[in-house]
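> Here is the input, now give the coordinates:
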Amino acid sequence: MRTISLISALTAALAGTVVLTASAALAESGQETISVSGSGVDLASDAIVHSEQSTPTGMVRRLTEIVELDGDVNGKVLYQATQEFDFVANKLVVTGENYFSGTIAGSEPVMLRSDESRFEVNLATGEEVGKVHLTRATDAPHKGSWYECDLVVVGTGLTPEGNPTFDYTGSCTRRGA
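Presented below is the predicted three-dimensional model:
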């Protein structure tokens with residue numbers, strides 16, 4: 001009985017040490033994950049439309065636009081988007097590449113990129129949902145720290161100018177020095 005109690009106590013102590021050691025190592029490596037939230041507006045009324053092509057059920061449009069973010073992720077996004085409209089299914093899918101310049105939870109300014117964003121809009125109801133993964137550019141020098149962020153976006157309506165508004169939530173992990 002004593003041996004089992006001693007083993008249980010030793011196992012619990014070692015588990016606590018492992019957790020503390022892992023937390024300390026994570027903090028020392030500069031990797032800290034924080035929850036983020038905020039809102040934004042897609043300045044669609046100022047978008048530059050590069051091309052439009054008809055499809056059997058709608059159209060594909062390629063454009064460049066600016067997105068403004070407020071909250072924990074604060075700054076501007078230059079977004080080169082591809083919009084695929086399907087008027088039969090009342091669906092719009094937006095993908096593309098974007099570059100974020102701004103701050104994460106009051107950090108020093110950072111530049112992040114994404115080619116892993118996807119937004120879906122129900123054209124009948126206006127309901128919009130999306131996901132974005134931001135990270136450092138693949139050709140960035142390995143100096144300093146950066147963030148990786150995973151955000152979930154939910155549309156909240158339109159501005160008087162017709163620009164989509166949204167809220168975002170997610171997490172950002174600081175990487176590097």
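
> where does the chain have low pLDDT?
1-30, 138-144, 177 (pLDDT under 70).

> Try it again at 80.
Under the criterion pLDDT under 80, the flagged ranges of the chain are 1-31, 137-145, 176-177.

> any chance you could map the strands in it?
32-42, 48-54, 58-71, 73-86, 91-104, 110-122, 128-135, 145-158, 164-176 (DSSP state E).

> what would those strands look like in CSV with mean neighbour count?
To be clear about C-beta, it is placed using only N, CA and C from the backbone, and glycine gets the same treatment. As requested, these are arranged in CSV below (neighbours: other C-beta atoms under 10 Å):
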stretch, mean neighbour count
strand 32-42, 17
strand 48-54, 10
strand 58-71, 17
strand 73-86, 19
strand 91-104, 18
strand 110-122, 17
strand 128-135, 19
strand 145-158, 18
strand 164-176, 18
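
> which ones are touching V67?
G40, V41, D42, L43, K76, V77, Y79, N98 (C-beta atoms under 8 Å, 6 or more residues apart in numbering).

> Then N74?
By C-beta under 8 Å, 6+ apart, the contact list for N74 reads G38, G102, T103.

> For V110, see how far away the last one is.
When C-beta to C-beta, to the nearest Å is the yardstick, T103 and V110 sit 7 Å from each other.

> what does the second one give?
G102 sits 7 Å away from V110 when distances are taken as C-beta to C-beta.

> now F100
8 Å.

> Please apply the same query to R175.
11 Å.

> Need the residues touching each of the two.
Common neighbours of R175 and V110, using C-beta under 8 Å, 6+ apart, are W146, Y147.

> hang on, the earlier thing: which one of the contacts of N74 is nearest A47?
Distance to A47, by C-beta to C-beta, is smallest for G102 among these, at 19.9 Å.

> Tell me the bridge partners for that closest one.
G75, V110 (DSSP bridges).

> who touches it in this structure?
Contacts of G102 (C-beta under 8 Å, 6+ apart): L69, V73, N74, G75, K76, P109, V110.

> Contact partners for D70?
D70 touches G38, S39, G40, counting by C-beta under 8 Å, 6+ apart.

> Look up how far Q80 lies from the nearest residue to the second one once chain neighbours are set aside.
Think S39. Nearest non-adjacent residue to S39, counting by C-beta to C-beta, 6 or more residues apart in numbering: D167, 5.1 Å away. Separation of D167 from Q80 (C-beta to C-beta): 23 Å.

> Nearest to A47, out of the contacts of G102: which one, please.
K76 (14.1 Å).
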